[in-house]
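Student: Sharing a model prediction with you, sequence too.
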Amino acid sequence: MKKLQLVELGILATVLIIGYKMITSLLALITSLLFGPGIAIGRNVMLAILPTILFFAFYTITFFLLARNIKPLARFICRDREESLEFKLNKVDVLHLIIIAVCISSFLQTVPDIIQYITSKFINIDQYGGDFEPAEWRGSKIKYWNSLIGFIISVILLIISKSIASFFGKEEPRYEIGGEKIESNL
């Protein structure tokens, strides 16, 4: 398998995750449109549904940008090198790939919540100039802090993912002589 093909498969996996998030945000948007007007009595209905629309737009744009540009992105990442890779994946390598996938997935899931909270500081949701009700304010603030902490933790884990994989994937030393694996008794 070529390195370019491996990178393409990684981008495709990311596209599938974003596609899943796009579908779930579409279902949330439909639910908000069906039941949102009853909840947002005394407010501008469009501004009450705006966060759901923004989530759907973010995931949809990301999905189509990634899906349409898999090959160019893979070529950019590989710098147009046509190297063949011989796979000898061990437990540490597989753990490292899984940790990277989980970190990137959680990283992408926290970004919309952070953006929504920051934009809500600049946009007045209540058309009468009032503030959030205390329960809504606390809920959005808790969601923001949860997302921000998740964002920071996923970035930190992404940076140290190789060390984590090495720690949890320790294997007994093996030696290879003439293609035959010999395990150490030390």
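Tutor: Great, that's in hand.

Student: hey, let's count contacts and neighbours off CA atoms from now on
Tutor: Will do.

Student: Same question for the helix or strand encompassing residue 72: list its buried residues.
Tutor: Applying DSSP states H and E as the criterion places residue 72 in helix 70-78. Within helix 70-78, the residues that qualify as buried are 70, 71, 73, 74, 75, 78, counting by 16 or more other C-alpha atoms under 10 Å.

Student: For the residue nearest to the second one when sequence neighbours are not counted, which residues are in contact?
Tutor: Which is residue 71. Nearest non-adjacent residue to residue 71, counting by C-alpha to C-alpha, 6 or more residues apart in numbering: residue 8, 6.6 Å away. Residues counted as contacts of residue 8 (C-alpha atoms under 8 Å, 6 or more residues apart in numbering) are 70, 71, 74.

Student: Quick check, residue 104 in contact with residue 154.
Tutor: Yes. Shown here, residue 104 and residue 154 form a contact pair, counting by C-alpha atoms under 8 Å, at 7.3 Å.

Student: roughly how far apart are residue 16 and residue 151?
Tutor: In this view, residue 16 and residue 151 are 21 Å apart by C-alpha to C-alpha, to the nearest Å.

Student: between those two, who's got more neighbours?
Tutor: Comparing residue 16 with residue 151 by other C-alpha atoms under 10 Å, the one with more neighbours is residue 151, at 21 against 15.

Student: give me every residue that touches that one.
Tutor: Contact analysis of residue 151 by C-alpha under 8 Å, 6+ apart lists 106, 107, 110, 111.

Student: The first one contacts residue 150, correct?
Tutor: Yes. Contact criterion C-alpha under 8 Å: residue 106 and residue 150 qualify, at 7.2 Å.

Student: quick one: the nearest residue to residue 56 once chain neighbours are set aside and residue 2, what's the gap?
Tutor: If the residues on either side of it in the chain are set aside, residue 56 comes closest to residue 25, at 5.2 Å by C-alpha to C-alpha, 6+ apart. Using C-alpha to C-alpha, we find residue 25 at a distance of 35 Å from residue 2.

Student: Break this structure down into its domains, please.
Tutor: Domain segmentation of the chain under automatic domain parsing yields 1-87, 88-169.

Student: Let me have those in TSV, extended by mean pLDDT.
Tutor: As requested, the domains of the chain are exported to TSV (pLDDT from 0 to 100):
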stretch	mean pLDDT
domain 1-87	78
domain 88-169	77
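
Student: Give me the buried positions along the following helix or strand past the helix holding residue 72.
Tutor: Per DSSP H and E, the first helix or strand lying C-terminal to helix 70-78 is helix 91-122. Buried residues in helix 91-122, counting neighbours by 16+ other C-alpha under 10 Å, are found at 92, 95-96, 99-101, 103-104, 106-114, 116-117.
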